[in-house]
Every structure is written in C-alpha cells, then in structure tokens.
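1. quick one, structure for this:
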Amino acid sequence: VAALALPVLRFLAKQLGQLGGAPGAGTVVGGGYGGKDGSFTLAEVAKHDKKDDVWVIIKGKVYDLSEFVDEHPGGVEAIMKRAGGDATEGFFGPQHPSRVHDMIDEYLVGKVVDEADKDK
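-> Numbers count the residues shown, from 1 in each chain. Sure, this is the predicted structure:
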C-alpha cells in the first residue's frame, strides 16, 4: 500500500493543477510551461533529454514524464530512447494497454509548434 502512495499523490497533484485550466482550452499542467499557451518548438523539447527532466512528443503534444520515468514498467531505457524527441511510434506499440492512452494526459504540458509560429 505504501508503495502506491507516492504515485497516487503525484497523480492527485497533477489533477488539481489541471483544474485551473480554462474550460475547453485543453488543459496544460503547470503555469510555467511554454509561456502563456504551452507551445514548444522541437528545439525546446529536445533540451529535455535527461533522466530527471524527460519530455517526449506524442502526436504533436508535449508530455513531461520526469516524475514517471522511474516507474515505467518497461524500464527507464524505454523512455530515454526517445527523451527530448518524438515517441509516438513507441507509445502506440503493442506493449501498451489501451488504459495507458487515457493516463498520459496527466503529463501533458503543451503542443509542438513550428519555430515561425512560436511568437505569433
């Protein structure tokens, strides 16, 4: 039971952080991510490629998996292969049950934009 306490507390903290998002605007966890709108260029995401600072892109959305990387059932290496880059193909592989696709949203921090669109 104690082993589940920390992941549950992290999940609840993320959920509470999401309550502050504007209705219908697509929730972005945290206020300091990607400026006002949670938009990131590929170069910005690429900077987050360390075990204690892991971001990945899945279908054009950016996820901060820093808190989850040590808990990943497939091991740290599976996430680190795509840290700072596009993990779409690996994420939708046969190893992930469908419930994982629902759970990933708790780690959403924004979306990928082209460099030219960043300042618009």
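
2. where along the chain do the strands fall?
-> For the chain, strands defined by DSSP state E occupy the ranges 39-40, 49-50, 53-58, 61-64, 108-112.

3. so which bits of stretch 60-72 are buried?
-> Neighbour counts over stretch 60-72 (16 or more other C-beta atoms under 10 Å) mark 61, 62, 63, 64, 65, 66, 67, 68, 69 as buried. (C-beta placed from N, C-alpha, C; glycine too.)

4. how about those in CSV, adding pLDDT and distance to residue 117?
-> Below are the buried residues of stretch 60-72 laid out as CSV (pLDDT from 0 to 100; distance: C-beta to C-beta, whole Å):
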residue, pLDDT, distance to residue 117
61, 93, 15
62, 94, 14
63, 91, 20
64, 92, 21
65, 88, 25
66, 88, 26
67, 82, 29
68, 82, 29
69, 80, 29
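
5. quick one: which of these is nearest residue 40?
-> residue 62 (5.3 Å; C-beta to C-beta).

6. ok, that closest one touching residue 55?
-> Yes - the criterion here is C-beta atoms under 8 Å, and residue 62 meets it with residue 55 at 5.8 Å.

7. what touches both of the two?
-> Residues within reach of residue 62 and of residue 55 at once, by C-beta atoms under 8 Å, 6 or more residues apart in numbering, are 45, 109.
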